[in-house]
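Undergrad: Here is a sequence together with a model predicted from it:
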Amino acid sequence: MTVVRARQMLKLPEVLEEIGVSRAAFYRMRARGQAPRLRKLPNGQVRVSRADLDAWWESCTEHAA
């Protein structure tokens with residue numbers, strides 16, 4: 001993984017497309033503590049870091065095994 005990719009911040013629609021869920025489903029997962037961590041920017045927008053999303057994917061794989 002390159003440093004640029006590790007620091008990449010994804011917009012919520014990009015995350016939703018990658019994980020294949022709706023916004024409503026994502027927020028339900030988040031309420032249960034089962035979604036990647038959201039980071040709120042000073043301008044109020046939300047982002048998910050690529051590192052957090054990759055770690056979340058890894059945890060999903062571990063739980064499925």
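TA: Cool, got the structure. Predicted model only: the values in this text are computed from it and were never measured.

Undergrad: now for the lengthiest helix in the chain, which elements pack on it?
TA: Counting residues, the longest helix found in the chain (DSSP state H) is helix 50-64. If you count contacts as 3 or more Cβ pairs under 8 Å, 6 or more residues apart in numbering; DSSP states H and E, helix 50-64 packs onto helix 3-7, strand 9-11, helix 12-19. C-beta: built from backbone N, CA, C; applies to glycine.

Undergrad: Just send those back as a markdown table, with distance to residue 26, mean neighbour count and mean pLDDT too.
TA: Shown next, in a markdown table, are the helices and strands packed on helix 50-64 (distance: least, Cβ to Cβ, whole Å; neighbours: other Cβ atoms under 10 Å; pLDDT from 0 to 100):
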| stretch | distance to residue 26 | mean neighbour count | mean pLDDT |
| --- | --- | --- | --- |
| helix 3-7 | 22 | 9 | 60 |
| strand 9-11 | 12 | 15 | 96 |
| helix 12-19 | 6 | 15 | 96 |
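
Undergrad: will you turn the ones you listed into TSV that also has distance to residue 32?
TA: Conversion of the helices and strands packed on helix 50-64 to TSV gives the following (distance: least, Cβ to Cβ, whole Å):
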stretch	distance to residue 32
helix 3-7	27
strand 9-11	21
helix 12-19	15
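
Undergrad: Out of these, which is closest to residue 33?
TA: Set against residue 33 and scored by Cβ to Cβ, those come closest in helix 12-19, at 15.6 Å.

Undergrad: Sweet, I'm off.
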